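Enquirer: Prediction below, plus the sequence it came from.
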Amino acid sequence: MKTLLKITLACLIFLSVNAYSQETIIPEIKYADLEKYIELAKQNFPRAKSYQLRSDGVKIGITTASLSYLDIFNASYFYRPGDRAVLDPVNPYNVNGVQFGVGINLGNLLTKPFLVKKAKIDYELAKLEQKDFELLLVNDVKVRYYDYIQQLSLLKISSQMAQDNKGVAESLRLRFEKGEITLDAYNQSRINQFTSFQQKIQAESLYLKSKDLLEQIIGMKLSEVK
């Protein structure tokens, strides 16, 4: 009986080592998919959109500030019908008809170049902030993708271990019913089976969470990504 128990435990250890030795996440990483996820995050992630809109808005401010140079000049006109007497006969500049005038606001003339320069600086700052956020976003997508691949690989291992332990437990159950092994050996196989099923359920939960986090940042379901 002790020999059989040792053989059974050795089989379990072999299955565990074999399952883990065959798994590595490196071959599972698809960089083409990762690039797609990064581009989708830049397009769909709300904060990425807000940074883009802010940059576009500040850029429009440059054009607005440049066009505001026209505010420096104030044009006016005065019209007096020709059949009326002039306002001041002594003043030769008071004549009938239409009179035009142009005024220059010196304050605006002096401040406009600085306003345009400030608008350009604000745009450069907005672009730098957008670039900084994009770098953080790219890194976040990578972290979530690698975690997703890791949890997917662990789920495969846990599923295989649960299946192997189920087979061993079933085999030992038949042997126990035939009186070939002790109750302790059979109970140990049941404990191993329960533990492997528990680990599988936990792996499923972690996998689903990592999948949700990745889908959250790219803005769509992984099944919808082409």
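Expert: Nice, I can see it.

Enquirer: any idea which helix is longest in the protein?
Expert: With secondary structure taken from DSSP state H, the chain has its longest helix at helix 106-177.

Enquirer: quick one: low-confidence parts of this protein?
Expert: 1-23, 65-112 (pLDDT under 70).

Enquirer: what helix or strand is E180 on?
Expert: If you go by DSSP states H and E, E180 is not part of any helix or strand.

Enquirer: oh, I was asking about A32
Expert: helix 31-44.

Enquirer: Packing partners of the helix or strand that that helix is followed by?
Expert: Using DSSP H and E, the helix or strand that follows helix 31-44 in sequence is helix 46-67. Applying 3 or more CB pairs under 8 Å, 6 or more residues apart in numbering; DSSP states H and E, one finds that helix 46-67 contacts helix 31-44, helix 106-177. Just so you know, the C-beta spots here come from the backbone N, C-alpha and C atoms, and that holds for glycine as well.

Enquirer: To A203, which of these lies closest?
Expert: Distance to A203, taken as CB to CB, is lowest for helix 106-177 among those, at 4.0 Å.

Enquirer: any idea of the angle the closest one forms with helix 46-67?
Expert: Counting by axes from the mean of the first three to the mean of the last three CA atoms, to 10 degrees, helix 106-177 points 170 degrees away from the direction of helix 46-67.

Enquirer: please begin residue numbering at 29 from this point
Expert: Okay, residue one is now 29; in that scheme the one you just asked about reads as helix 134-205.

Enquirer: State the next helix or strand along the chain beyond helix 134-205.
Expert: helix 211-246.

Enquirer: List the buried residues for that following helix?
Expert: By neighbour count on 16 or more other CB atoms under 10 Å, the buried set for helix 211-246 is 213-214, 216-217, 220-221, 224, 227-228, 231, 234-235, 238-239, 242-243, 245-246.

Enquirer: what's the answer for stretch 155-164, then?
Expert: For stretch 155-164, by 16+ other CB under 10 Å, it's 158, 161-162.

Enquirer: neighbouring contacts of it?
Expert: For stretch 155-164, contacts defined as CB atoms under 8 Å, 6 or more residues apart in numbering pick out 70, 75-76, 79-80, 82-83.

Enquirer: Now list the buried members of the residues you listed.
Expert: If we count by 16+ other CB under 10 Å, the contacts of stretch 155-164 have these buried: 70, 76, 79-80, 83.

Enquirer: TSV please, covering the buried residues of stretch 155-164 and showing distance to G195.
Expert: As requested, the buried residues of stretch 155-164 are arranged in TSV below (distance: CB to CB, whole Å):
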residue	distance to G195
Q158	55
F161	51
E162	50
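
Enquirer: can you tell me which of these lies nearest to K148?
Expert: Of the buried residues of stretch 155-164, the one sitting nearest to K148 (CB to CB) turns out to be Q158, at 15.7 Å.

Enquirer: And the residue lying closest to G89 once chain neighbours are set aside, how far from L182?
Expert: Closest residue in space to G89, ignoring its immediate chain neighbours: A147 at 4.6 Å, by CB to CB, 6 or more residues apart in numbering. To L182, A147 is 52 Å away according to CB to CB, to the nearest Å.

Enquirer: Please apply the same query to P55.
Expert: 15 Å.
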